[in-house]
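K.L.:
Pasting the sequence and the predicted model now:
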Amino acid sequence: QEMKVKASPHQPKEQQSEHHNSSFDMLFNFFKGDKGIVRLGAVLLLIGISFLMKTITPLFTLTPAMKCAGIALAGFAFLGLGYWLKGKQKNYALTLTGIGLAILLLNTYSAYFYFELIGYQVAILSTLIVGAFGLHLSLKNDSLPLAVLALGGGFIAPILSGVAVHVSHNLIFAYYLLLNLVILGTAYVKSWRLLNILGFISTFVLWPQWYAPENMTAMQAMLLTFFLIYLAITILYAQKEIKHNDGYVDSIITFALPFAVMGFEYETLKGVEFGYAFATGFIALLYALTALLLKPLQNLKTMKRSVIALSGIFATFTIPLVFDPQETSTLWALEGAVAIWLGLRQNSAFTKYSGFVLQGIAGYMMLGTLFKYTMPFKGEMPLTMAVLNIDFFSLMVLSLAGLFTSYLYREKHVYSFQNLSMATWGFGWL
């Protein structure tokens, strides 16, 4: 669960409410009231400009260069108007500035991808300059709306400009990478959750239109890069939102990130033997390493528990992708016992109950495999064969896992329900 942070009197009012609301409330508040009407108008204006570039201007004898020059002038006009009004209507001026930056990003993208007027060096440099300038202004004025309008326009530029999906995925990746690096830089100094969520959703919803599963190596590198960026963003956010000596965890990005990545991995690794198993195992390993790196930080308890839980979840997913049902049930029983031990040490109810569920599923799978695959032995069975076989070993592991759990719940010779029930469970497998 997300931990709510008490607002500081020094925080702007809009950002105080950000920590008290859900993501839907944040989005609603962003477009609420007089300021919201202006921001909604800004979004509609960007959409209108994109259609202007594609549909209306062909009615006139305008060359692509003239189109881009006109749109660039409009962007600079909004920047100038925002600068002129900054001393009179600051919030309105910042909104106009955000519109201007978004128009310039849209124009830069169209000039390179759509009209092919500039080279990639100029396009990258222009995107960096506009992004850095927008970041500077938003940080200087402590304006989240300015950052959202500017970077939001950058994210939707590939869609609004009507670029065909055959555009090189490497170029699209470089473009989205630059925008996400701007968000990462912002997260280093500001805890703007709405901006983080905007970048996350835009990246994993818009970028996949150019996703090419057949180009496995490139796609793996891209997915890993985006994964590491947003993993870093969630950690930075938790570090900046501390209450009661614990960091605020953005559950949307934290828990949606690995599953979004694995959704793309399913398409990329389809047909590759043990490919999906390797991917889930690699994600589990990354989260385990993250937990080790976060261990010295005492004020990120919930964040550490979250990454440990995700590591355990993906490790659990990996097992049935590699092993057969009987081996899976054996390993899940061991994992369940370890999870209960860890949950008791950390006083984590979720971890403890996950351990019980894993042992229960392991037992169910074991019964299914024994009844389905075990064949009656004809004749007299040697003692060694009765002991040295996979069925006996698996049953012993389930029994020992249950008995170990029972031992964990026995304190000072006092027998609890968990102690007696797990003892019965353990002896039952013998």
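P.N.:
Looks like it arrived, so ask away. Just so you know, these numbers come straight off a predicted model, no measurement behind them.
K.L.:
Name the residues that touch the helix or strand hosting residue 65?
P.N.:
Take DSSP states H and E as the rule and residue 65 turns out to sit in helix 64-85. For helix 64-85, the surrounding residues in contact (Cβ atoms under 8 Å, 6 or more residues apart in numbering) are 49, 52-53, 57, 62, 92-97, 99-101, 103-104, 106-107, 110-111, 115, 117. Any C-beta I mention is one placed from the backbone N, CA and C, and that applies to glycine too.
K.L.:
try stretch 259-266
P.N.:
With Cβ under 8 Å, 6+ apart, stretch 259-266 has contacts from 204, 208, 211, 213, 219, 223, 226-227, 275-276, 279-280, 283.
K.L.:
Share the number of residues neighbouring the closest residue to residue 272 other than its chain neighbours, please.
P.N.:
With Cβ to Cβ, 6 or more residues apart in numbering as the criterion, residue 272 has its nearest non-adjacent residue at 7.7 Å, and that residue is residue 216. The number of residues packed near residue 216 is 14, by other Cβ atoms under 10 Å.
K.L.:
Next up, the contacts around residue 216.
P.N.:
Contacts of residue 216 were listed using Cβ under 8 Å, 6+ apart, and they are 268, 269, 272.
K.L.:
List the contacts of the nearest residue to residue 240 once chain neighbours are set aside.
P.N.:
In this structure, residue 240 finds its nearest non-sequential neighbour in residue 191, 4.0 Å apart by Cβ to Cβ, 6+ apart. Residues in contact with residue 191 (Cβ under 8 Å, 6+ apart) are 236, 237, 240, 241.
K.L.:
how close does residue 65 sit to residue 235?
P.N.:
As judged by Cβ to Cβ, to the nearest Å, residue 65 and residue 235 stand 45 Å apart.
K.L.:
So which of these two has more stuff around it?
P.N.:
residue 235 (21 against 11).
K.L.:
how about the nearest residue to that one, chain neighbours excluded?
P.N.:
Leaving aside its sequence neighbours, residue 235 sits nearest to residue 303 (Cβ to Cβ, 6+ apart; 6.5 Å).
K.L.:
Can you verify my assumption that that neighbour contacts residue 236?
P.N.:
No - between residue 303 and residue 236 there is no contact under Cβ atoms under 8 Å: 10.5 Å.
K.L.:
Of these two, which one has the most company?
P.N.:
With neighbours defined as other Cβ under 10 Å, residue 303 and residue 236 compare such that residue 303 has more, 24 against 19.
K.L.:
I'd like the distance between the more buried one and residue 269.
P.N.:
Here residue 303 is placed at a distance of 29 Å from residue 269 (Cβ to Cβ).
K.L.:
Save the contacts of residue 191 as a markdown table, and put in distance to residue 150, secondary structure and pLDDT too.
P.N.:
Formatted as a markdown table, the contacts of residue 191 follow (distance: Cβ to Cβ, whole Å; DSSP: H, G, I helix; E, B strand; the rest coil; pLDDT from 0 to 100):
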| residue | distance to residue 150 | secondary structure | pLDDT |
| --- | --- | --- | --- |
| 236 | 20 | helix | 92 |
| 237 | 20 | helix | 91 |
| 240 | 21 | helix | 86 |
| 241 | 23 | coil | 82 |
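K.L.:
wait, what's in contact with the residue nearest to residue 235?
P.N.:
234, 235, 238, 247, 249, 254, 294.
K.L.:
Tell me, what's the model's pLDDT at it?
P.N.:
Per-residue pLDDT puts residue 303 at 89.
K.L.:
Name the next helix or strand following the helix or strand harbouring it along the chain.
P.N.:
Following DSSP H and E, one finds residue 303 within helix 301-322. Heading C-terminal from helix 301-322, the first helix or strand you meet, by DSSP H and E, is helix 325-346.
K.L.:
Could you list the buried residues of that following helix?
P.N.:
Buried residues in helix 325-346, defined by neighbour count with 16 or more other Cβ atoms under 10 Å: 326-343.
K.L.:
ok, now stretch 197-206?
P.N.:
Buried residues in stretch 197-206, counted by 16+ other Cβ under 10 Å: 197, 198, 199, 200, 201, 202, 203, 204, 206.
K.L.:
before we move on, what about stretch 73-86?
P.N.:
By neighbour count on 16+ other Cβ under 10 Å, the buried set for stretch 73-86 is 74, 75, 78, 79, 81, 82, 85, 86.
K.L.:
any idea how far the third one lies from residue 261?
P.N.:
This points to residue 78. When residue 78 is compared with residue 261 (using Cβ to Cβ), they lie 37 Å apart.
K.L.:
Within the helices and strands, which one has the most centrally placed residue in the chain?
P.N.:
Geometric centre of the chain, nearest residue: residue 257, 2.2 Å, by Cα atoms, centre = their mean. Assessed by DSSP H and E, residue 257 sits inside helix 251-268.
K.L.:
For the very next helix or strand once past that helix, name the packing helices and strands.
P.N.:
Using DSSP H and E, the helix or strand that follows helix 251-268 towards the C-terminus is helix 275-294. Judged by 3 or more Cβ pairs under 8 Å, 6 or more residues apart in numbering; DSSP states H and E, the packing partners of helix 275-294 are helix 216-240, helix 251-268, helix 301-322.
K.L.:
show me what contacts the residue nearest to residue 351 when sequence neighbours are not counted?
P.N.:
Residue nearest to residue 351 in three dimensions, not counting chain neighbours: residue 343, with 3.3 Å by Cβ to Cβ, 6+ apart. Residues in contact with residue 343 (Cβ under 8 Å, 6+ apart) are 349, 350, 351, 352, 353, 354, 355.
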